[in-house]
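A.B. asks: When you get a sec, could you give me coordinates for this:
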Amino acid sequence: MFRDKTFYHQTTKKAIVAFGMIFNNIIINRTNSSGVTTQSIRVPLAYSPKQRFLARIEQIPSIESRGEVAITLPRMGFEITGFQYDPDRKISPIQKNRNLPSSGSTQYKTSFVSTPYDLTIQLYAFAKNQEDALQISEQIMPYFNPDFNVTVNDLPEMGIKRDIKIVLDGISYEDQYEGDYDTRRSIVWTFNFTMKLNYYGFVADQDYIRKSIASVFNSQDLSSTKGEYTKQTHEIANTKATATATISGDAVNAIALTYVGDNYTYAPNVTFTGGGGSGASATAVMDGKKLKRIDIDSGGSGYTSAPTVVIEGPEGHVDSPGPDDPFRFIEQFEQTFE
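C.D. replies: Numbering: from 1, shown residues only. Have a look, this model is predicted:
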């Protein structure tokens, strides 16, 4: 099942980084009796379990225990507490995402749709007095009503960016101060969040369909059992080269290939339409069955905008079926009815 399909899209890592960035700039102000701000403190944030913070808060520094240094407050921390599949966001697992390159490629990328999981996270705010704790909490709660969205580059290979919903599920509060002189007071606010994540599987490279061969029923009367099936071949999926032109003054001065095409057995004709001018001409230079470049023979004159470059398709190329094309009924086999 998983053989030869190793992948790692860093979905959880990206979510944790995005979550941390939301709360990484909380500042509290200390004021004097006149209400004048005397100190502004940026609250440190770290990914760490709650119990580790509490253990550090309770450390009693001494000469004998050099490594046991109590941390200063206020401080914030967060940790992952669990994952849960979310059936409400399920999409049919046979659907696929496709990333089609703009030009010049014979392949595109594809992956099955994502699998939805809820990631639960707890955010802790530690303070030594109530005023600090309230300042922290009031800089968080107004933004979650009850959710907040962050944009994450979910799957760069597929060009997928997604807004991740972060839901504030609840808040709890505890004051561990018991009143004795040997205990450091620590007020702890706990914010419970759920992040709506999407996990993607293996990203595969798929070849374009370059040619279609179909047996076509030519009769206009579909109720008739008499008619003929004929084999028709159509070249599809951008075998025809494409290019764009630029002008300088009123003449064409450059041509850029946007797709080199394929299956050419000769150098195609290159013409120009539109742009308000005339007289521009160019020659295609080949590299095997593909175009290498287009050289300008004459820039023409009178162009007020870049003309459209029209490149002849390879032999057998069909841009699109016409209205009289006998594509009425396609079978998977060839047969002739008498």
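A.B. asks: biggest helix in the protein by residues?
C.D. replies: Longest helix in the chain, counting residues (DSSP state H): helix 11-22.
A.B. asks: Packing partners of the next helix or strand after that one?
C.D. replies: Using DSSP states H and E, the helix or strand that directly follows helix 11-22 along the chain is strand 27-31. Under the contact criterion of 3 or more Cβ pairs under 8 Å, 6 or more residues apart in numbering; DSSP states H and E, strand 27-31 touches strand 37-42, helix 130-138. The C-beta positions use only the backbone N, C-alpha and C, and glycine is treated the same way.
A.B. asks: how much distance is there from the last one to the middle of the chain?
C.D. replies: It refers to helix 130-138. 37 Å (Cα atoms, centre = their mean, to the nearest Å).
A.B. asks: which stretches of this protein have low pLDDT?
C.D. replies: Applying pLDDT under 70 to the chain picks out residues 1-4, 53-71, 101-106, 176-185, 208-211, 217-229, 232-238, 316-338.
A.B. asks: thinking again about what came up before, any chance of JSON lines for the helices and strands packed on strand 27-31, columns mean neighbour count and distance to Pro307?
C.D. replies: Shown next, in JSON lines, are the helices and strands packed on strand 27-31 (neighbours: other Cβ atoms under 10 Å; distance: least, Cβ to Cβ, whole Å):
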{"stretch": "strand 37-42", "mean neighbour count": "10", "distance to Pro307": "58"}
{"stretch": "helix 130-138", "mean neighbour count": "17", "distance to Pro307": "62"}
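A.B. asks: Could you dump those into JSON lines with distance to Gln107 added?
C.D. replies: Formatted as JSON lines, the helices and strands packed on strand 27-31 follow (distance: least, Cβ to Cβ, whole Å):
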{"stretch": "strand 37-42", "distance to Gln107": "48"}
{"stretch": "helix 130-138", "distance to Gln107": "51"}
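A.B. asks: wait, which of these is closest to Thr31?
C.D. replies: Closest of those to Thr31 is strand 37-42, at 5.3 Å (criterion: Cβ to Cβ).
A.B. asks: Tell me the helices and strands packed up against the helix or strand following that closest one.
C.D. replies: As assigned by DSSP H and E, the chain's next helix or strand after strand 37-42 is strand 45-47. Where contact means 3+ Cβ pairs under 8 Å, 6+ apart, strand 45-47 is packed against helix 11-22, strand 75-85.
A.B. asks: Now these in a markdown table, please, with extra columns for distance to Gln135 and mean neighbour count.
C.D. replies: Output for the helices and strands packed on strand 45-47, formatted as a markdown table (distance: least, Cβ to Cβ, whole Å; neighbours: other Cβ atoms under 10 Å):
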| stretch | distance to Gln135 | mean neighbour count |
| --- | --- | --- |
| helix 11-22 | 17 | 16 |
| strand 75-85 | 12 | 16 |
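A.B. asks: Any idea what Trp189 is bridged to?
C.D. replies: Ala125, Tyr173 (DSSP bridges).
A.B. asks: quick one, what contacts it?
C.D. replies: For Trp189, the contacting residues are Tyr124, Ala125, Ala127, Ala133, Ile136, Ser137, Ile171, Ser172, Tyr173, by Cβ atoms under 8 Å, 6 or more residues apart in numbering.
A.B. asks: returning to that earlier point: what separates the longest helix of the chain from the chain centre, distance-wise?
C.D. replies: Between the centre of helix 11-22 and the centre of its chain there are 15 Å (Cα atoms, centre = their mean).
A.B. asks: What of stretch 300-309?
C.D. replies: On Cα atoms, centre = their mean, the centre of stretch 300-309 falls 37 Å from the chain's centre.
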